[in-house]
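[1] Sequence and predicted structure are below.
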Amino acid sequence: MATTVIILAAGQGKRMRSAHPKVLQPLGGEPLLAHVLAAARALRPRELRVVHGHGGEAVQAAFAGQPVAWFHQAEQRGTGHAVRQGLPGLPADDVALILYGDVPLIRAETLRRLVARARRGELALLTAEFADPKGYGRILRGERGRITGIVEEKDATPDQRRLREGNTGLLACPASHLARWIRRLKANNAQGEYYLTDIVGLAAKEGVPVAGILAPDVEEVFGVNDRRQLAEAERILQRRRAGELLDAGVTLADPGHLIVRGRVRCGRDVFIDAGVILEGDVTLGDGVRIGPWSLVRDATLGAGTVVHSHSVIEAGRIGEGCEIGPYARVRPDVELADGAKLGNFVEIKKSVIGRGSKVNHLTYIGDATIGAAVNVGAGTITCNYDGANKHRTVIGDGAFIGSGVELVAPVEIGAGATIGAGSTITKAAPAGALTVARARQATIPGWQRPVKAKKGAGH
């Protein structure tokens, strides 16, 4: 029996106080809705359907190209009304799984339990035991603990409000049952809305078994409605991701101060210090060490590479045994061969650094190809931009670039060449030779440094 997932994502989210739809608010580097879609995809459903409303065009644009069917809810008339918008063309022999775009921490394992019960012909509800169930509909049970209905908090009696088992809103059932029950919903409640929860009473009247499945962790059903809850969800997600890395054998100096906004793959004996941010697609080889307060985004770091504190690596391919930082910045399209070194306050972009080469201090390298065993002195600059176009610098194997050198691209430095400190190089420097390009030093006799006039002088 195939599964169709219907995700309700039409809420405006006024409490976010944002110009953007609620389901596009960022959590762990991705929109809230992306987390729900990922959990749903793990079930390999026949179809993913998203019911959108406020900001629907922006929501669809954020997931353009993904296999999602979109359904518009023009009028907000409750959860039952929202589900109705997602029903057209739903195969009667499917299992329908109802999820919410603002409940992003749900796990696929929990959803599989719901679907399994629905495949037995039951209405499966995900419930949770809340220390404080305020805001949640309460689960009503009758003889032998059987679920007989759900009452929304605004419609509940004082005794019902004291119940701690709450409805999470997530459910699964045969699609034929769902379509029939949705048609019979009525808006005779305090809000004048069509409540999806009313299908529980309809199922009970028909004798359809209603299964209450308790969430293994109440954090899975945490709903996000405002900035405070979004921040709480972020902490939960980061604890979860840190735990996954620890389980994989990574040493975290301070798990509470690690931020993961993407996918991280790690080898053995990886060490990550406090305050590190990992974004996008990151691969860390065996023995990699990342110092405190560093950022690694969309990069691969080879085995044994060390990143010192306060360094930024963006979209780079870093070889084995490299050393970066502290306070270094690797911008996109950079490749470091094995054993290369970037020292403190070095910035590099769109460049290749050869095996064992060193760029140690206070240097900018852009649009360059640097060979093996090259030494680039402190304060060196590749002048790669002429105001309109970028030009390339090529430095051969074994070259030595002195401190304070300006390499005005396009320019080529031959293998084994030496460039004298303080030179401005505008033409090719031959291999194996010393090239010096400095202005002649001069001393001006009798020159006097200007002196500021004393205040009040001449008055």
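    Happy to help now that I have it.

[2] tell me the SS of Ile236?
    helix (DSSP: H, G, I helix; E, B strand; the rest coil).

[3] Do I have it right that it meets Phe222?
    Yes - here Ile236 reaches Phe222: they are 6.4 Å apart, a contact under Cβ atoms under 8 Å. Glycine gets a C-beta too; all of them are placed from N, C-alpha and C.

[4] Overlap of the contact sets of those two?
    In terms of Cβ atoms under 8 Å, 6 or more residues apart in numbering, Ile236 and Phe222 are both contacted by the residues Leu105.

[5] Please report the distance of Arg355 from Ala431.
    18 Å (Cβ to Cβ, to the nearest Å).

[6] nope, Lys154 is what I was after
    From Lys154 to Ala431 the distance is 82 Å (Cβ to Cβ).

[7] So for the two, which sits in the more crowded spot?
    Ala431 (15 against 11; other Cβ atoms under 10 Å).

[8] Relative to Asp397, how far out is the more buried one?
    Taking Cβ to Cβ, one finds Ala431 at 9 Å from Asp397.

[9] Spell out which residues are contacts of both of the two.
    Ala415, Gly416.

[10] For the nearest residue to Ala431 once chain neighbours are set aside, give me its contacts.
    Sequence neighbours aside, Gly414 is the residue nearest to Ala431 in space, at 3.0 Å (criterion: Cβ to Cβ, 6 or more residues apart in numbering). For Gly414, the contacting residues are Gly396, Ala399, Ala428, Ala429, Pro430, Ala431, Gly432, Ala433, by Cβ under 8 Å, 6+ apart.

[11] cutoff 10 Å now
    Counting by Cβ atoms under 10 Å, 6 or more residues apart in numbering, Gly414 touches 394-399, 428-433, 435.

[12] Who wins on neighbours among these?
    Counting neighbours by other Cβ under 10 Å, the top entry in the contacts of Gly414 is Ile395, with 28 neighbours.

[13] Show me what that one bridges to in the sheet.
    Ile370, Ile413 (DSSP bridges).

[14] Make residue 1 into 36 and carry on from there
    Noted, 36 is the first residue going forward, which turns the last one into Ile430.

[15] Is it in contact with Ala444, as I believe?
    No - if you go by Cβ atoms under 10 Å, Ile430 and Ala444 don't touch, sitting 11.0 Å apart.

[16] Common neighbours of those two, please.
    Ala403, Thr417.

[17] and Pro193, how far is that from Ala463?
    Pro193 is 88 Å from Ala463, by Cβ to Cβ.

[18] Could you tell me how far the helix or strand of the chain at the bottom of the mean pLDDT ranking lies from the centre of the chain?
    Lowest on mean pLDDT, DSSP states H and E among the helices and strands of the chain sits strand 182-186, with a mean of 86. The chain centre lies 38 Å from the centre of strand 182-186; the measure is Cα atoms, centre = their mean, to the nearest Å.

[19] Ala69: what secondary structure?
    helix.

[20] burial count for the closest residue to it other than its chain neighbours?
    Counting by Cβ to Cβ, 6+ apart, Phe98 is the residue found nearest to Ala69 once chain neighbours are left out, at 7.6 Å. Phe98 has 18 neighbours, counted by other Cβ under 10 Å.

[21] Please apply the same query to Lys462.
    Residues near Lys462, counting by other Cβ under 10 Å: 10.

[22] Let me know the pLDDT of it.
    The score at Lys462 is 96. That number is its pLDDT.

[23] what about the helices in the protein?
    67-76, 91-97, 114-120, 143-153, 193-196, 210-218, 234-241, 262-282 (DSSP state H).

[24] With mean pLDDT as extra columns, can I get those helices in TSV?
    Shown next, in TSV, are these (pLDDT from 0 to 100):
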stretch	mean pLDDT
helix 67-76	98
helix 91-97	95
helix 114-120	96
helix 143-153	97
helix 193-196	92
helix 210-218	96
helix 234-241	91
helix 262-282	98
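
[25] Now render the ones you listed as CSV, adding distance to Pro327 and mean neighbour count.
    Listed next are the helices of the chain as CSV, based on distance: least, Cβ to Cβ, whole Å; neighbours: other Cβ atoms under 10 Å:
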stretch, distance to Pro327, mean neighbour count
helix 67-76, 28, 22
helix 91-97, 33, 15
helix 114-120, 46, 22
helix 143-153, 34, 19
helix 193-196, 48, 10
helix 210-218, 52, 19
helix 234-241, 51, 19
helix 262-282, 15, 16
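
[26] need the ones you listed in TSV with distance to Asp252, can you?
    Formatted as TSV, the helices of the chain follow (distance: least, Cβ to Cβ, whole Å):
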stretch	distance to Asp252
helix 67-76	14
helix 91-97	28
helix 114-120	23
helix 143-153	9
helix 193-196	24
helix 210-218	27
helix 234-241	23
helix 262-282	9
